[in-house]
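Q: Here's a sequence, model it:
(2 chains)
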Amino acid sequence: MSPKPRLIILLGPTAVGKTELSLEFAEKYSSPVISCDSRQLYKEMSIGTAVPTEEQLARVRHYFIQDRSIHDGLYTAGRYEIEALELIHKLFEQGHDTLIMAGGSGFYIDAVCKGLDDLPQADMALREELTRRWKEEGIESLSSQLRSIDPESCLSIDMANGQRVIRALEVCLMTGKPFSSFKTSPKKQRNFEIHKIGFIRPRDVLYERINRRVDLMFAQGLVEEARSLYKHRKLAALQTVGYKELFDAFDGLYDMDKAKELIQRNSRHYAKRQMTWWGKDKDIEWREL
RNA sequence: GGUGCGUUGGCCGAGUGGCUAGGCAAUGGUCUGCAAAACCAUGUACAGUGGUUCGAUUCCGCUACGCACCU
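A: Numbers count the residues shown, from 1 in each chain, chains lettered A, B, ... in the order given. Modelled structure (predicted):
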C-alpha cells in the first residue's frame, strides 16, 4: 500500500492501443479512466479522434471524453491542468487510492505532472490580431517586436515559430511584464504519486495500425462527420489530423483518395512527434506491445 | 534484326564540362495555455563500362534496361 494515493498515466503514440489497455487497468484498479487527449474532449468529433466505443464507455466511467463542445471557446493545457487536478483530488477524496489516466497529449500530461507557470489566459482579440500580423506581415514583424520588449525570452523561444512568438508577445502586451519573468516558478508539487507507463510498438507495426485505423474511420463515415463540421473549420479544435485534410478535399484541392493518404501520413508524423516528446522523459516505464 | 529516344538519391523532377536545383516521402529534433498544433534540421544521386579531358553526371564508344517506329 502506498502512503500516498497514486496516479498511473498510460501513454503512447496514436493507434498503439491505449484505449483497450486503459480499460483493463481501470478495471483492475477499480478506477475510472481520466482521458488526457486534446481532441477526444469534443462531443462533435468522434470518428476522426478514435474515441472509445459505446461498449468501452459503458465498461468504465470516463472523464474528459466528449464532455465539452468545440464551441465552448479555446481549450488549453492550462485549463486541462486545473480541471484534471480538481477531478483527481475529488476522486481521491472519494476513496480511490489509484487512478488511471490515459492519453496521447504529451503537453497535457506534463501540465498535470509538472504544472505550468501562472500565466494569464490568452486575450482572444489580441491573439487574433497578432495572428493576422503573422500571416500578413510575416514572423519577422512579431519576432523583432518581442526582441525589443523581452530579449530574455528570445534566448529560449523558437523565434521562427509563430505560435510561440505570439504567445510570448501576447503575455508581454497583456501584463506589461516580460514573458520570461513568469517562467521562474519551481516545478509544482503534487500530493500524489505519479507512475507513467508508456506503450510502444515497432515502428512498422505502428504505422500499419495507423493505416488500418484510417481505413476504418473512412468506413465508419469520417467523410460525413467532417462535412458536418466544415462550417466550423476555423476553430482550433478542428485543426486536426483527419479533419483538416478532408476540409481541403471538400474545397477541391484534391480527391478523397489523396485525403486519406494525407491523413495516414500526418498521423504517422503525429506519432513520431509524440515519441520524440516522450523520448527525453526518464520517468516513463516503457512496455513494448 | 534496324533506326531513334530515354535511363538522375525511396518517389517525382530540373540542370550543368569544374561552383554538386527543387518538391514529396523518410529520419532526427524543439516545446510553459492553439500541442492531433506550430516550428527546426538532415541526402554529392546522376544505369554499367571503356575513352576524350587538367577535370565528366554533363562529350564519344560499347553493354544492359525501357519506350517508340520500321522490316
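Q: contacts and neighbour counts: CA atoms only from here.
A: Fine.
Q: Contact partners for the residue of the stretch 101-250 of chain A found nearest RNA strand B?
A: Nearest residue of the stretch 101-250 of chain A to RNA strand B (C-alpha to the nearest atom of the strand) works out as residue A:240 at 3.1 Å. For residue A:240, the contact set (C-alpha atoms under 8 Å, 6 or more residues apart in numbering) comprises residue A:39.
Q: and what of the one 10 residues further on?
A: With contact set as C-alpha under 8 Å, 6+ apart, residue A:250 has these partners: residue A:227.
Q: In terms of pLDDT, where does it sit?
A: If you check residue A:250, the pLDDT there is 93.
Q: I'd like to know how far it sits from residue A:233.
A: The gap separating residue A:250 from residue A:233 is 11 Å, by C-alpha to C-alpha, to the nearest Å.
Q: which residues of chain A fall in strands?
A: All strands of chain A, identified by DSSP state E, fall at A:6-11, A:33-35, A:62-63, A:98-103, A:193-200, A:284-288.
Q: and the stretch 101-250 of chain A, which residues reach RNA strand B?
A: By the rule C-alpha under 7 Å from any atom of the strand, the part of the stretch 101-250 of chain A lying against RNA strand B is A:104-108, A:115-122, A:127, A:131, A:156-158, A:160-164, A:166-168, A:183-186, A:203, A:236-237, A:239-242.
Q: List only those of these flagged as buried.
A: Those of those that meet the buried threshold are A:104-108, A:115-116, A:127, A:131, A:162-163, A:166, A:168, A:237, A:240-242, by 16 or more other C-alpha atoms under 10 Å.
Q: Just those residues: which are in helices?
A: Using DSSP state H to define helices, the subset of those located there is A:106, A:107, A:108, A:127, A:131, A:162, A:163, A:166, A:168.
Q: Now the two most distant members of those.
A: For these, the farthest-apart pair by C-alpha to C-alpha is A:106 and A:131; their separation is 24.5 Å.
Q: I'd like to know how far the closest residue to residue A:127 other than its chain neighbours sits from residue A:33.
A: Spatial nearest neighbour of residue A:127, chain neighbours left out: residue A:170 (6.7 Å); criterion: C-alpha to C-alpha, 6 or more residues apart in numbering. According to C-alpha to C-alpha, residue A:170 and residue A:33 sit 35 Å apart.
Q: First-to-last residue distance for stretch A:145-155?
A: Stretch A:145-155: ends 14 Å apart by C-alpha to C-alpha.
Q: Only the buried residues of it, if you could.
A: Under 16+ other C-alpha under 10 Å, the buried positions of stretch A:145-155 are A:146, A:147, A:149, A:150, A:153, A:154.
Q: same thing with stretch A:62-69?
A: Of the residues in stretch A:62-69, A:62, A:63, A:64, A:65, A:66 count as buried by neighbour count, 16+ other C-alpha under 10 Å.
Q: and what of stretch A:199-214?
A: Neighbour-count burial for stretch A:199-214 flags A:199, A:200, A:201, A:206, A:207, A:209, A:210, A:211, A:213, A:214 (criterion: 16+ other C-alpha under 10 Å).
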